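1. Based on what follows, work out the 3D shape:
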Amino acid sequence: MGTRTTAIRLQARAATPADADATALIDTVLERLWAEHGLSKATLAAYRRDLRALAAFLAPRPLTAAARADLFGFLEARVRAGYAAKSNARLLSSLRAFYAVLQRDGGIAEDPARLLDMPRLPRSVPKALSESQVEALLRGPEDAADSPDGLRLRAMLELMYACGLRVSELVELPAAAVNRRQGLLRVLGKGGKERLVPMGQEAQHWLERYLAEVRPAQAGKRNPPALFLDAKGEALSRQRFWAELKARATAAGIDPAKVSPHVLRHSFATHLLNHGADLRALQMLLGHSSLSTTQIYTLVAKEGLKRMHRAHHPRG
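-> Next up is the predicted model:
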């Protein structure tokens, strides 16, 4: 069976697990994991997809009947289907968390995921835009901020770049998270961890304009808690923001395939390091729990220095 066919088969099974009790069991375990570890909505959704796919793979046998060989077989099928190493690494996290809870609660005698090894992931260098590209993206066309949607997008992009926000953190920001007097933003990150990030004058300027000129009409009398709203007064969706960002990149003459919300976060970190920011301070601003995660950005800065040396040094 070819790679494409295998991928389609796995996806189809994941959508319709044969085990009628699998969904209830998965939901129960995920509720426990959320209560104990404060997993984010995105992580819980990813775990749920992984576990439903496993249930379909094992059908008609239940999830509680899986042996270590079954899990290896499932992982092997995913590799053949072309799933990325990061996706399979997350899959193993899903399996380990799920079966650890089942064993602890007496649902299974032995944990089949306990001895599974995580795949070695290549140390990839995050992609970042140049400072001039970011400036063009933020500024946009000459009349970009003349419409309510354009002004909202400018405020969102300025805030994302100034604060290094994840897209989920940006679209889920409550209006109450903004401290306008002190120029600080209270961000709720992964695992429910809270951090305070300075907004900077430029981002605060555009946010003030959005709050004064656009949001009151969108919010109406209901005044919903979300900071960024659509024309109906609902929280702006991640998909809508993605679409507007891609359109802005095209208008700025930047390949939209190279622009994403996370690329803006990478650019924030890279540009701070290029201008002498301390790595520990950057870790706090990004909300990373481990400094090793932040250190990947030093590779980006080094690559930039190498390119500059090759371009300008007489013996480069």
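2. so how many other residues sit close to the closest residue to L157 other than its chain neighbours?
-> Of all residues not flanking L157 in the chain, L138 sits nearest, at 5.3 Å (CB to CB, 6 or more residues apart in numbering). (Glycine included, C-beta is placed from N, CA and C.) Using other CB atoms under 10 Å, L138 is surrounded by 21 other residues.
3. Kindly report the same for L291.
-> L291 has 11 nearby residues by other CB under 10 Å.
4. Contacts only, for the most centrally placed residue in the chain.
-> Geometric centre of the chain, nearest residue: R166, 5.8 Å, by CA atoms, centre = their mean. Contacts of R166 were listed using CB atoms under 8 Å, 6 or more residues apart in numbering, and they are G189, K190, P261, H262, R265.
5. Kindly write the ChimeraX command that selects the buried subset of the residues you listed.
-> Buried residues within the contacts of R166, by 16 or more other CB atoms under 10 Å, are selected in ChimeraX with:
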select :189,190,261,265
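6. Now render the contacts of R166 as TSV, adding distance to L291.
-> TSV is the format used below for the contacts of R166 (distance: CB to CB, whole Å):
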residue	distance to L291
G189	16
K190	16
P261	23
H262	20
R265	17
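7. Which of the contacts of R166 scores worst on pLDDT?
-> Scanning those for pLDDT, the low point is K190. It has 81.
8. Give me the nearest residue to that one, chain neighbours excluded.
-> S40 is the one closest to K190 (CB to CB, 6+ apart), at 5.4 Å.
9. Would you confirm that that neighbour contacts E169?
-> No. Taking CB atoms under 8 Å as the definition, S40 is not a contact partner of E169, at 10.0 Å.
10. of those two, who's got more company?
-> When S40 is set against E169 and neighbours are counted by other CB under 10 Å, the residue ahead is E169, at 23 against 18.
11. so who does the more buried one touch?
-> Going by CB under 8 Å, 6+ apart, E169 touches V187, L188, G189.
12. would it count as being in a helix?
-> Yes. According to DSSP: H, G, I helix; E, B strand; the rest coil, E169 belongs to a helix.
13. Need the pLDDT of it.
-> Reported pLDDT for E169: 93.
14. Okay, it and A128: tell me how far apart.
-> Applying CB to CB, to the nearest Å, the value for E169 to A128 is 19 Å.
15. before we move on, back to that, give me the phi and psi angles of the residue nearest to K190.
-> Main-chain torsions, S40, degrees, to the nearest 10: phi -70, psi 160.
16. In contact with the residue lying closest to V171 once chain neighbours are set aside, which residues?
-> Using CB to CB, 6+ apart and skipping the chain neighbours, the partner closest in space to V171 is R238 (5.2 Å). Contact partners of R238, counting by CB under 8 Å, 6+ apart, are V167, S168, V171.
17. pLDDT score for R238?
-> pLDDT at R238 comes out at 91.
18. Repeat that for L138.
-> So L138 comes in at 93 (pLDDT).
19. Mark out where each domain of the chain begins and ends.
-> Listed by automatic domain parsing, the domain ranges of the chain are 3-104, 131-312.
20. surely R180 meets E208?
-> Yes. If you go by CB under 8 Å, R180 and E208 touch, sitting 7.2 Å apart.
21. which residues in the stretch 101-250 of the chain form helices?
-> All helices of the stretch 101-250 of the chain, identified by DSSP state H, counting those that start in this stretch, fall at 131-139, 148-163, 167-171, 201-213, 215-219, 238-251.
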